[in-house]
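Asker: Sequence unavailable; structure follows:
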């Protein structure tokens, strides 16, 4: 694969309610990414957005985003999936050889709509939807129980992941303030409100308002734009079956295959990874995905030292638990990985990383997964 | 910078869908109306699907509409469950009582379907327990004909 660099990025501080117009948010985010490397609208050759018509409250929602996203009379397209999938689309546009700069942006403002209820619309309208028992909350309950019962992992072990991510979030200035908690304990997590047993409120990556944007460029162009590009060395994506009842929720087969594809493409193995930014919808999912990626044996991810200064830091930024802005969350994982590789994660910097992975997902219980292998460029 | 004003739109446009269920589900619902469960079997891997499918995703094999139907019982095994107070359709309000939501593998099938567990104390629920369908008195050939599952 030709080298494609991540050359710029931006996301603003997340919040449960940004009290901000969506048009303005898009403009500031995309302009923020361009400003980060002193580029202008004229430098953009393609724009890929990651939005959802239902979440945006309008059909063909990208039609509305032309001007603020810098897409005025430009090549533009949309991936109605997590932003990390839109990044793959952007990567392909660059690899086509036709583009010098791709803007990839995504995000949503769940303060404007009932996010959890809207998840019901993922279910099969001809069977599961009329009964209305499945949304992201109950799906998470099924997934956590499946994992705990299969491997004998305790709720305490899972609560520790939430504690780590919420403490890391306290060090990440852009995290959702409601997720930041430097003094949280395992007991706090276990005793918080039950969302869907055994998942408690503090184990859940609660939706919040936020947008994110990254800039992609081919090698030659990337080196003109910045002296600290981060290279995409490999990418893999894969998907699990649709019905929850068809899947073994204690593991994540599609992430296993996505990771294999990405690692093979990059010519590395999970052992070569210095740290990981994983999109986890719930605390237990970080463990399931870490195992699928190969960072730990099945049922053993809770034994990893995944703190910022640990053996294999996972989600030093706090992960999605630090703030889950739907459709931006995967892009934020990529951005946080890039920040670390550039040595710019002030206050939560991993020691001298060279190779990172960042993941995105969409669907109940991580049905669709994507994984990037990223490598530090420049000096 | 903040905004003081918001604009809401409440059901300005009625855009409800009427979905055709397809020939396979049509047969499933015809049977449901008669308080019977049917599945269909992949000709290649022999997995039995409830609800029935036109295609086995794993084998990418078409399951012929007129063949491979399997009559099943209304009993099954609880594979997984979760308990919630939250309304699925409206996150803002709370239910007074816990709902136990079960994933049940109908005996003789390889998949699981999701329905409420009825008349069970949350403390008594265990994965692996045997359950059976509690039918609605009046069936209409729709998903709600199955009221839920009770202990077998």
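Answerer: Perfect, thanks for sending it. This one's a predicted model, so the numbers in the text were calculated from it and none came from an experiment.

Asker: Could you use CA atoms for every contact and neighbour count after this?
Answerer: Fine.

Asker: ok, for the residue of the stretch 201-350 of chain A found nearest chain B, nearest residue in space, not its chain neighbours?
Answerer: Closest contact between the stretch 201-350 of chain A and chain B, by C-alpha to the nearest C-alpha, is at residue A:245 (4.2 Å). With C-alpha to C-alpha, 6 or more residues apart in numbering or on different chains as the criterion, residue A:245 has its nearest non-adjacent residue at 4.2 Å, and that residue is residue B:112.

Asker: State the pLDDT value of that neighbour.
Answerer: Note on residue B:112: pLDDT of 98.

Asker: Count the residues that sit near it.
Answerer: A total of 25 residues lie near residue B:112 under the criterion other C-alpha atoms under 10 Å in any protein chain shown.

Asker: With residue B:26 instead?
Answerer: 16.

Asker: repeat for residue B:116
Answerer: 22.

Asker: check which helix or strand covers it.
Answerer: Assigned by DSSP states H and E, residue B:116 belongs to strand B:113-117.

Asker: Around chain B, pick out the residues from the stretch 1-150 of chain A.
Answerer: Neighbours of chain B within the stretch 1-150 of chain A, by C-alpha under 8 Å from any C-alpha of the partner chain: A:19-21, A:114, A:116-118, A:120, A:125-128, A:130-135, A:138, A:141-142, A:145-146.

Asker: quick one: terminal-to-terminal distance for stretch B:56-65?
Answerer: Distance across stretch B:56-65, first residue to last, is 13 Å (C-alpha to C-alpha, to the nearest Å).

Asker: avg pLDDT for that stretch?
Answerer: Mean predicted confidence for stretch B:56-65 is 96.

Asker: Check which residues of stretch A:245-263 are buried.
Answerer: Buried residues in stretch A:245-263, counting neighbours by 16 or more other C-alpha atoms under 10 Å in any protein chain shown, are found at A:245-247, A:249-263.

Asker: all strands for chain B, in order.
Answerer: For chain B, the strands defined by DSSP state E occupy B:37-41, B:48-49, B:55-56, B:61-62, B:69-72, B:75-86, B:94-106, B:113-117, B:130-135, B:146-151.

Asker: Identify all contacting residues around the first one.
Answerer: Meaning strand B:37-41. For strand B:37-41, the surrounding residues in contact (C-alpha atoms under 8 Å, 6 or more residues apart in numbering or on different chains) are B:28, B:31, B:47-53, B:63, B:68-74, B:109.

Asker: so what strands line up beside it?
Answerer: With DSSP bridges as the test, strand B:37-41 is paired with strand B:48-49 (antiparallel), strand B:69-72 (antiparallel).

Asker: Tell me which of those strands lies nearest to residue B:123.
Answerer: Closest to residue B:123 of these is strand B:69-72 (C-alpha to C-alpha; 29.4 Å).

Asker: and the next element down the chain from the lowest-mean-pLDDT helix or strand in chain A?
Answerer: Ranked by mean pLDDT, DSSP states H and E, the weakest helix or strand in chain A is helix A:115-118, scoring a mean of 86. Next along the chain after helix A:115-118, taking DSSP H and E as the criterion, comes helix A:136-151.

Asker: Which positions within that following helix qualify as buried?
Answerer: A:136-148.

Asker: what's the closest residue in space to residue A:321 that isn't next to it in sequence in contact with, if anything?
Answerer: Spatial nearest neighbour of residue A:321, excluding adjacent residues (C-alpha to C-alpha, 6+ apart): residue A:205 at 4.0 Å. Each residue near residue A:205 by C-alpha under 8 Å, 6+ apart is listed here: A:280, A:281, A:282, A:283, A:320, A:321, A:322, A:323, A:324.

Asker: Redo the residues you listed as a markdown table? Include neighbour count and pLDDT.
Answerer: As requested, these are arranged in a markdown table below (neighbours: other C-alpha atoms under 10 Å in any protein chain shown; pLDDT from 0 to 100):
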| residue | neighbour count | pLDDT |
| --- | --- | --- |
| A:280 | 27 | 98 |
| A:281 | 26 | 98 |
| A:282 | 28 | 98 |
| A:283 | 29 | 98 |
| A:320 | 33 | 98 |
| A:321 | 33 | 98 |
| A:322 | 31 | 98 |
| A:323 | 31 | 98 |
| A:324 | 31 | 98 |
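
Asker: contacting residues around residue 65?
Answerer: Let's take chain A. By C-alpha under 8 Å, 6+ apart, residue A:65 lies in contact with A:23, A:26, A:71.

Asker: my bad, chain B
Answerer: Shown in contact with residue B:65 (C-alpha under 8 Å, 6+ apart): B:23, B:24, B:54.

Asker: Next, count neighbours for the last one.
Answerer: Other residues near residue B:54 come to 19 when the count uses other C-alpha under 10 Å.

Asker: Dihedrals phi and psi, it?
Answerer: phi -80, psi -30 (degrees, to the nearest 10).

Asker: pretty sure it is touching residue B:64, no?
Answerer: Yes. Between residue B:54 and residue B:64 there is a contact under C-alpha atoms under 8 Å: 7.2 Å.

Asker: Does anything pack onto the helix or strand bottoming out on mean pLDDT in chain B? Which helices or strands?
Answerer: Lowest on mean pLDDT, DSSP H and E among the helices and strands of chain B sits strand B:94-106, with a mean of 88. Applying 3 or more C-alpha pairs under 8 Å, 6 or more residues apart in numbering or on different chains; DSSP states H and E, we find strand B:94-106 packed against strand B:75-86, strand B:113-117.

Asker: Pairing partners for it, with directions?
Answerer: The pairing partners recorded for strand B:94-106 under DSSP bridges are strand B:75-86 (antiparallel), strand B:113-117 (antiparallel).

Asker: List the buried residues of stretch B:144-152.
Answerer: For stretch B:144-152, burial by neighbour count (16+ other C-alpha under 10 Å) applies to B:144, B:145, B:146, B:147, B:148, B:149, B:150, B:151.

Asker: So what touches it?
Answerer: Residues outside stretch B:144-152 that contact it (C-alpha under 8 Å, 6+ apart) are A:130-131, B:32-33, B:35, B:75, B:115-120, B:129-136, B:138-139.

Asker: Only the buried subset of these, as a ChimeraX command please.
Answerer: Filtering these down to the buried ones (16+ other C-alpha under 10 Å) takes a single ChimeraX command:
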select /A:131 /B:32,33,35,75,115,116,117,118,130,131,132,133,134,135,139
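
Asker: ok, the residue sitting nearest the centre point of chain A - contacts?
Answerer: A centroid search over chain A (C-alpha atoms, centre = their mean) returns residue A:330, at 2.1 Å, as the residue closest to the centre. The contact partners of residue A:330, taken as C-alpha under 8 Å, 6+ apart, are A:82, A:83, A:84, A:85, A:279, A:358, A:359, A:360, A:361.

Asker: Surely the third one forms part of a helix?
Answerer: What it means is residue A:84. Yes. Counting by DSSP: H, G, I helix; E, B strand; the rest coil, residue A:84 is part of a helix.

Asker: Over to the closest residue to it other than its chain neighbours. Which of the three states is it?
Answerer: Nearest residue to residue A:84, sequence neighbours excluded (C-alpha to C-alpha, 6+ apart): residue A:330, at 4.6 Å. Applying three-state DSSP to residue A:330 yields a three-state assignment of helix.

Asker: Got the confidence number for residue A:330?
Answerer: 98.

Asker: quick one: it and residue B:69, what's the gap?
Answerer: Residue A:330 is 42 Å from residue B:69, by C-alpha to C-alpha.

Asker: ok, now residue A:146?
Answerer: From residue A:146 to residue B:69 the distance is 30 Å (C-alpha to C-alpha).

Asker: for residue B:25, same thing?
Answerer: In this view, residue B:25 and residue B:69 are 12 Å apart by C-alpha to C-alpha.
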